[in-house]
Structures are given as C-alpha cells and as structure tokens.
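Undergrad: Predicted model follows, preceded by the sequence.
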Amino acid sequence: MLKQYFRGTIYGFEKTQKMKKKTLRFRALLLMFVTLLIFSCKKNDDNGGTPPPVEEKPTIVALAKKVNVLSSLVKALEIADADLIELLSQDGTTTVFAPTNGAFNELFSELEGINSLNDFDTVEEKELLSKILKYHIITGKSYYSSNLSDKKQLKTLQTEDLTVNLDISI
C-alpha cells in the first residue's frame, strides 16, 4: 500500500509538472503574441493603411508668382510662349536664371520701340521674347550658385552656350 501511495504521489507530481509546463508554454506563447501585437502597431497607422499624402513641390512658375521682383518674368512667360509655362510647370530638373524686373527694364532700354512687355505684340516680337527667355533656361540639370564656376559653359534651352562669369557684380 505504501508503494501505491508513493506511486500516486509520484504520478500526481508528474501530472502537476506536466500542467506547469503546459501553463508555462501557454504563458510564453501569450507573451510572444502580445509583444508581437504591440511592436507591430505604429503610432501613425490610424489612417486605414493609406499612405500619408505627398506634399507637392511648387513649380518654378508658382514660385516666381510669389516673388514681386519676378513679376515681369511671369508676365513675359505668359506673353511669349505657352510651351515655356508648361515646361516650367512640369516635374523635372530645370534651372532658370530668372531675370528680375530691373533686368527687363534694362532690356527695354536696349530694344528699339519696346518700352514694356506689352509692346511684344507681334508674332516676331513674341518670338524674340521667347528666344530671350529660353537663353535663361537650362533643362536636365540643377545649378546653384555653390556649384557654378567661372567660365563654365552651360547649354541653354535656346541651344546656345551660356558662359558663367563670376567676376561681374550685380
């Protein structure tokens, strides 16, 4: 009988050990599940899986419209050639050496019979204005004052070379 008692005790002990192992496994699995759940959620994923809206970059024309000293440039683009406005409104790499209102005033003093942008009213005069503007546009590359060097040659939209001269004060 004593043997049976010890067997029952040992059997009960083994049964208790198996239950404890099962409970530990369950707790470990539960802990892993909760951990996975916590770390897989992001703070900003409340938008239903939709990515956040991409902020649109302003176009060259939009930027020029916001700068008062470039108002003549915007008007010249509108008068000269609709294709230029379209080009400068597209995505892509384009550099514009933007002439200021003062630069346009100097241009008017150099051109005979032209005193303002409104005087560019014939087809030939609009083509001339378009040619002047294209000389200030370079497509396919971004140039900043920091990456320009003296005597650097740049191919303009007008297909002529523009030579950088850093010795001229503006």
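TA: Cool, got the structure. Numbering: from 1, shown residues only.
Undergrad: And the strands in the protein?
TA: For the chain, the strands defined by DSSP state E occupy 94-96, 137-139, 153-155, 161-163.
Undergrad: Mind listing what's buried along the last one?
TA: Judged by neighbour count (16 or more other C-beta atoms under 10 Å), strand 161-163 contains these buried residues: Leu162. For the C-beta atoms, the positions are set from N, CA and C on the backbone; glycine is no exception.
Undergrad: contact partners of it?
TA: With contact meaning C-beta atoms under 8 Å, 6 or more residues apart in numbering, strand 161-163 is reached by 97, 135, 138, 151-156.
Undergrad: and that strand, which strands flank it?
TA: Sheet pairing for strand 161-163, assigned by DSSP bridges, gives strand 153-155 (antiparallel).
Undergrad: Neighbours of the residue lying closest to Thr93 once chain neighbours are set aside, how many?
TA: Once flanking residues are discounted, Thr93 sits nearest to Ser142: 5.3 Å by C-beta to C-beta, 6 or more residues apart in numbering. A count of nearby residues for Ser142, using other C-beta atoms under 10 Å, gives 9.
Undergrad: For Ser142, give its distance to Lys126.
TA: Going from Ser142 to Lys126 by C-beta to C-beta, to the nearest Å gives 28 Å.
Undergrad: Next, the buried residues of stretch 72-80.
TA: 72-77, 79-80.
Undergrad: Closest one of these to Lys66?
TA: Val74 (9.8 Å; C-beta to C-beta).
Undergrad: Report whether the expected contact of the closest one with Ala64 is present.
TA: Yes. Using C-beta atoms under 8 Å, Val74 is in contact with Ala64, at 5.1 Å.
Undergrad: Please verify my assumption that Ser72 contacts Asn118.
TA: No. The criterion here is C-beta under 8 Å, and Ser72 misses it with Asn118 at 11.2 Å.
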